[in-house]
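S.K.: Quick one, structure for this:
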Amino acid sequence: MLPLRHLGFVRATHWLTTFAFFALLVSGCELVLSHPRFYWGEVGNVNTVPLFSIPVPSSRATVPTGYAFVLPDQNGWSRFLHFQTAWLVLAVGCAYVILGLRSGHFRRNLIPEPADRSWRAWRAHAIAHLQLRPSAFQDDLSYNAVQRVSYLIVVFVLFPLMFWTGLAMSPAFTAVVPGAVELLGGRQSARTLHFVATIALALFTVVHVTMIVLAGFGPRVRAMITGATEGRQ
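M.R.: Presented below is the predicted three-dimensional model:
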């Protein structure tokens, strides 16, 4: 029997994470609109000089943004959706890591192969990706070095950072684990890092989708649904 392109748990967790990330992104944007200013440290408010600001109107009249109008306040449903979806992503992520370790998925598919660990091989793959050459990601049964490292960073760096900074903004959690926010430099630092990690994940998603389109959108999506490569349905 020919090997599947993607194992069942990989496909299930991929789509659950995709839908959940979209919900987090939409609700997160609504939350940012309530105060599109970011600070560093423990305290940050309208009387504090921001580290940086997003040039968009706020949904609160008390937040100075330079605009003469405010947007409708959607902070209620967006906060509820954001929190509930975050727990879903956490559960899915834990399941993915546990099953990935047990099945050998990380060792076979995400740890760079010896031939890809040299600087020359890494440089060739990186240039191919930067030039958006389809040949860089048309292998039906394996990922190249850039893809492997990118996925490892997303799974073991960006998503954990998202959860850490998200929990560090919760007074209830930091009351029990104060070190979670102290290591980040304060609650406002956690919020800023949370936003930066979100931008990094959003950029990864844009590049990821672009690669799929260039490599063949239909076959790649079908493979993530059925598990089989083209011609192996």
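S.K.: Extract the CA atoms of stretch 78-92 and return them as CSV.
M.R.: Extracted in CSV, the C-alpha atoms of stretch 78-92 (Å, rounded to 0.1, in the frame of the first residue of the first chain):
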residue,chain,number,x,y,z
SER,A,78,-15.0,39.1,20.1
ARG,A,79,-13.6,38.6,23.6
PHE,A,80,-15.8,35.6,24.2
LEU,A,81,-15.0,34.0,20.8
HIS,A,82,-11.3,34.7,21.3
PHE,A,83,-11.0,33.0,24.7
GLN,A,84,-13.2,30.0,23.8
THR,A,85,-11.3,29.4,20.5
ALA,A,86,-7.9,29.7,22.2
TRP,A,87,-8.8,26.7,24.4
LEU,A,88,-9.8,24.7,21.3
VAL,A,89,-6.4,25.5,19.7
LEU,A,90,-4.6,24.5,22.9
ALA,A,91,-6.4,21.1,23.0
VAL,A,92,-5.8,20.5,19.3
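S.K.: Give the buried residues for it.
M.R.: Residues of stretch 78-92 classed as buried: 78, 81, 82, 85, 86, 89, 90, 92 (neighbour count, 16 or more other C-beta atoms under 10 Å). The way it works is simple: take the backbone N, C-alpha and C, and place the C-beta from them, glycine included.
S.K.: Among these, which ones are in helices?
M.R.: 78, 81, 82, 85, 86, 89, 90, 92 (DSSP state H).
S.K.: Distance check, residue 112 against residue 75.
M.R.: 43 Å (C-beta to C-beta, to the nearest Å).
S.K.: The two: which has the busier surroundings?
M.R.: It is residue 112, of residue 112 and residue 75, that has more neighbours when counted by other C-beta atoms under 10 Å, with 19 against 16.
S.K.: packing partners for the top helix by length along the chain?
M.R.: In terms of residue count, the longest helix belonging to the chain (DSSP H) is helix 187-226. For helix 187-226, the packing partners by 3 or more C-beta pairs under 8 Å, 6 or more residues apart in numbering; DSSP states H and E come out as helix 8-33, strand 37-38, helix 159-168.
S.K.: What helices and strands are in contact with the longest one?
M.R.: It stands for helix 8-33. Checked by 3+ C-beta pairs under 8 Å, 6+ apart, helix 8-33 has helix 75-103, helix 187-226 packed alongside it.
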